[in-house]
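Student: Pasting the sequence and the predicted model now:
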Amino acid sequence: QLQAYGGGLVQAGASLRLSCAASGRTTSSYHMGWFRQTPGKEREFVAAIGKGSGVMRRYADSVKGRFAISRDNPNNTVYLQMNSLKPEDTAVYYCAADRASYFSINEYWGQGTKVTVSS
């Protein structure tokens with residue numbers, strides 16, 4: 001089970017860190033990703049980190065340079081550090097895990113955590 005938390009209401013330019021905690025799973029064995037969704041739109045990719053030490057990382061162009069994904073394997077937690085937040089970052093953020101695919105992470109999903117960025 002994946003549990004995402006850390007969302008909230010912040011002003012533009014602020015920072016926020018989302019966490020995704022896994023229970024019953026060893027996250028080091030999974031590629032992990034963050035996705036987001038706004039009403040009426042498809043869920044979109046935000047960031048991914050490869051299994052193991054997490055050397056492989058990739059980001060959506062819209063967040064590159066502002067967001068950073070990391071993992072804490074001993075604590076089975078993956079983070080999304082979000083800096084310089086913009087109103088267009090407002091969405092429900094989801095974490096996901098996949099044992100096999102780094103480029104299509106969709107095996108397991110957590111519930112979302114809402115991020116609202118005011119202008």
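Tutor: Yep, it's here.
Student: List the contacts of the most centrally placed residue in the chain.
Tutor: Most central in the chain under CA atoms, centre = their mean is residue 34, positioned 2.7 Å from the mean C-alpha point. Applying CB atoms under 8 Å, 6 or more residues apart in numbering, we find residue 34 in contact with 18, 20, 46, 47, 48, 69, 78, 80, 93, 94, 95, 96. All C-beta spots, glycine's among them, are computed from the backbone N, C-alpha and C.
Student: again, only this time at 10 Å
Tutor: 4, 18, 20, 45-49, 59-60, 63, 67, 69, 78-80, 82, 93-96, 105, 110 (CB atoms under 10 Å, 6 or more residues apart in numbering).
Student: Can you give the distance of the helix or strand where it lies from its chain's centre?
Tutor: Taking DSSP states H and E as the definition, residue 34 sits inside strand 31-37. Centroid separation for strand 31-37 versus its chain: 4 Å, with CA atoms, centre = their mean, to the nearest Å.
Student: Can you tell me the strand partners of the helix or strand that that strand is followed by and which way each runs?
Tutor: For strand 31-37, the following helix or strand on the C-terminal side (DSSP H and E) is strand 44-49. In the sheet, strand 44-49 lines up against strand 31-37 (antiparallel), strand 57-59 (antiparallel) (DSSP bridges).
Student: May I have the longest one as PDB, with CA atoms only?
Tutor: By that I understand strand 31-37. Presented in PDB, the C-alpha positions along strand 31-37 are these (Å, rounded to 0.1, in the frame of the first residue of the first chain):
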ATOM      1  CA  HIS A  31      10.700   2.100  -9.700                       C
ATOM      2  CA  MET A  32       8.700   5.000  -8.200                       C
ATOM      3  CA  GLY A  33       6.900   7.900  -9.700                       C
ATOM      4  CA  TRP A  34       4.800  11.000  -9.000                       C
ATOM      5  CA  PHE A  35       1.900  12.000 -11.200                       C
ATOM      6  CA  ARG A  36      -0.700  14.700 -10.900                       C
ATOM      7  CA  GLN A  37      -4.200  15.300 -12.100                       C
END
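Student: buried residues in that strand?
Tutor: Of all the residues in strand 31-37, those buried under the rule 16 or more other CB atoms under 10 Å are 31, 32, 33, 34, 35, 36.
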